[in-house]
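Asker: only geometry, no sequence info:
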């Protein structure tokens, strides 16, 4: 059964863990704020992303790959926020750009290759800047 118990803006998930009722992005930002991780440092962010990417490459089991990928997302969310941007708005801009692309899958590499010389939407990250 997949039941949740809501108590004062918190809930108990199906594993019995009490969780604050908030968005994923807000949870990451709160975690950073609670640890005074508010200042962006490109070198530090690079180091954290590199560490997690190395964990992904070195992973032998799927759960370790998932852990590393999720950690990369958490670091990226924190980094975008530290730069002073609204993560949700920035991601929406990125998705608009990605969805505007046309192209084909390269059967040898398995990679999506964008059509050249096709005008696509260019993400406008200025709309994501926090005041």
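Answerer: Right, received. Where do you want to start? Given the structure is predicted, the values throughout are model-derived calculations rather than measurements. Numbering: from 1, shown residues only.

Asker: now residue 14: how far from residue 22?
Answerer: Separation of residue 14 from residue 22 (Cβ to Cβ, to the nearest Å): 18 Å. Backbone N, C-alpha and C define where each C-beta goes, glycine included.

Asker: more neighbours, these two?
Answerer: Using other Cβ atoms under 10 Å, the more surrounded residue of residue 14 and residue 22 is residue 22, with 13 against 9.

Asker: which non-adjacent residue is nearest that one?
Answerer: residue 30 (7.1 Å; Cβ to Cβ, 6 or more residues apart in numbering).

Asker: what's the answer for residue 75, then?
Answerer: Nearest residue to residue 75 in three dimensions, chain neighbours excluded: residue 48, at 4.7 Å (Cβ to Cβ, 6+ apart).

Asker: now the one you found: which helix or strand?
Answerer: Using DSSP states H and E, residue 48 sits in helix 42-58.

Asker: immediately after that helix, which helix or strand?
Answerer: helix 62-82.

Asker: pLDDT (mean, whole number) over that following helix?
Answerer: When pLDDT is averaged along helix 62-82, the result is 97.

Asker: before we move on, what about stretch 115-124?
Answerer: For stretch 115-124, the per-residue pLDDT averages 93.
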